[in-house]
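Asker: Need coordinates for the following:
(one chain, ligands or ions: 1)
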Amino acid sequence: MPEQNKPSPTRELFAALEGVIETYTARGCPCGFPRFLQIVSIDCMDMNALFACRETEGLIKLLREHDLYDTQIIEADFQTETEYWTCRTCGSRLLWGWSDAVKKIDRQYLKPVVIQASPLGADPAVPIPLFGGFYGEKLPSSRFWLQVSSAEMAQYLTQLR
Ligand SMILES: [Zn+2]
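Answerer: Presented below is the predicted three-dimensional model:
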């Protein structure tokens, strides 16, 4: 394939994640997929590191665009924001957070608070198969994730039980 016709990693990542979100909405909502919850809740602060995950950022961006969750601001200032996200389909509640300057990394997370959906998707695994993976100053251990194709990453996220 000529170089200029190759999809950029970002475009390819978003196309794959868009397909993942379509699969979730066709089956109800994302909340029934534990692997989805695993990836959107990745937070470098839990791991004493400084990084962001392209899959985490991409999924959260698409969830907002698709308006799958009702959002309610808890706290917002110039360096951190937090919101409760309530699923419009099943009523599950998640905690969204963002911070940049203080923590030296611009990253978001979406952590489950109360999940109402019955699990439809397969259980999470480690290492996590990721296509976009991590970037930042202090990355997680290579044991934590595995570089795979965008199709394999989408397969991991949509695998049923
Ligand atoms: Zn839901």
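
Asker: Name the surrounding residues that touch stretch 70-89.
Answerer: The set of residues external to stretch 70-89 that reach it, using CB atoms under 8 Å, 6 or more residues apart in numbering, is 28-31, 63-64, 67-69, 92-102, 110, 113, 116-117. (C-beta placed from N, C-alpha, C; glycine too.)

Asker: if we go to 7 Å?
Answerer: 28-29, 31, 68-69, 93-102, 110 (CB atoms under 7 Å, 6 or more residues apart in numbering).

Asker: is the ion contacted by that stretch?
Answerer: Yes: if you take CB under 5 Å from the ion as the test, stretch 70-89 does meet the ion, through 87, 89.

Asker: Quick one: mean pLDDT for that stretch?
Answerer: The average of the pLDDT scores along stretch 70-89 is 92.

Asker: First-to-last residue distance for it?
Answerer: This stretch, stretch 70-89, spans 10 Å end to end (CA to CA, to the nearest Å).

Asker: Could you tell me which residues within that stretch count as buried?
Answerer: Buried residues in stretch 70-89, counted by 16 or more other CB atoms under 10 Å: 81, 83, 85-87, 89.

Asker: Show the pLDDT at the closest residue to R143 other than its chain neighbours.
Answerer: Using CB to CB, 6 or more residues apart in numbering and skipping residues adjacent in sequence, the residue nearest R143 is P127, 6.2 Å away. Per-residue pLDDT puts P127 at 97.

Asker: which stretches of the protein form strands?
Answerer: In the chain, the strands defined using DSSP state E lie at 50-53, 69-76, 80-87, 93-99, 107-114, 128-130, 134-138, 145-147.

Asker: relative to strand 80-87, how tilted is the second one?
Answerer: Interaxial angle, strand 69-76 versus strand 80-87 (axes from the mean of the first three to the mean of the last three CA atoms, to 10 degrees): 160 degrees.
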